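Q: this one's sequence-less:
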């Protein structure tokens, strides 16, 4: 199975740039799936900057809601795919009153299909701040944290970005993989072992 990489981090931590570096280690053309909706000038400027940085080897799709369906249609092409980003997609689903957990479950199922080209997912870590002051923001924080756990479980690699520096926290040889489905299974080889 090819590399399936989740890149996590806070705002402006270098996630997108690092994700692009992972993808461009493969042969072009590359597929970029943007989940952002351009609703104001500030977002338009961000999108313009990202497009200019990526260059002409990228094919861009803009899909704020039907990410899983688009991915499923693109997988047979066997081209490297970058999805930027999961948290904006979740935000769009919540605002549209869709079911984000069911959507993430479907996405995980699609990502499990074997393929030869890499897929890189970018997502924000939003759970380290103060408790949000309204119900929608708390729901978003909780769904985003849950989604990151689910995606990390199916990805072969997980990197955590801090100040532009990637820290690889999961890879196929790491030997210690957090999987919320097996934490309480004594016989699982993935159950973390105590060192004392």
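A: Arrived safely. The structure displayed is predicted, hence computed values, not measured ones.
Q: report the central residue of this protein.
A: Nearest to the mean C-alpha position of the chain, counting by CA atoms, centre = their mean, stands residue 121 at 3.0 Å.
Q: quick one: secondary structure of that residue?
A: Here residue 121 is strand, with the state taken from DSSP: H, G, I helix; E, B strand; the rest coil.
Q: again with residue 47
A: The three-state label for residue 47, taken from three-state DSSP, comes out as helix.
Q: which secondary element of this protein has the worst mean pLDDT?
A: Lowest by mean pLDDT, DSSP states H and E among the helices and strands of the chain is helix 41-54, with a mean of 82.
Q: can you pull out the low-pLDDT segments for this protein?
A: Low-confidence segments of the chain (pLDDT under 70): 1, 175-196.
Q: just the helices from it, written as ranges.
A: Assigned by DSSP state H, the helices in the chain fall at 15-23, 41-54, 67-74, 86-95, 100-111, 135-154.
Q: which among the ones you listed is found nearest to residue 3?
A: Of all the helices of the chain, it is helix 15-23 that lies closest to residue 3, at 7.6 Å by CB to CB. (Glycine included, C-beta is placed from N, CA and C.)
Q: tell me what that closest one is packed against?
A: strand 4-9, helix 41-54, strand 81-84, strand 119-124, strand 157-162 (3 or more CB pairs under 8 Å, 6 or more residues apart in numbering; DSSP states H and E).
Q: quick check: angle from the last one to strand 4-9?
A: Computed with axes from the mean of the first three to the mean of the last three CA atoms, to 10 degrees, the direction of strand 157-162 lies at 20 degrees from that of strand 4-9.
Q: partners of strand 157-162 in the sheet?
A: Strand 157-162 has its sheet partners listed here by DSSP bridges as strand 4-9 (parallel), strand 165-170 (antiparallel).
Q: who's in contact with that strand?
A: Strand 157-162 is touched from outside by 3-10, 13-15, 18, 125, 152, 166-172, with contacts defined as CB atoms under 8 Å, 6 or more residues apart in numbering.
Q: now the first one
A: Strand 4-9 is touched from outside by 15, 18-19, 22, 111, 118-125, 148, 151-152, 154-162, 166, with contacts defined as CB under 8 Å, 6+ apart.
Q: thought residue 146 was touching residue 108?
A: No. Using CB atoms under 8 Å, residue 146 makes no contact with residue 108, being 11.6 Å away.
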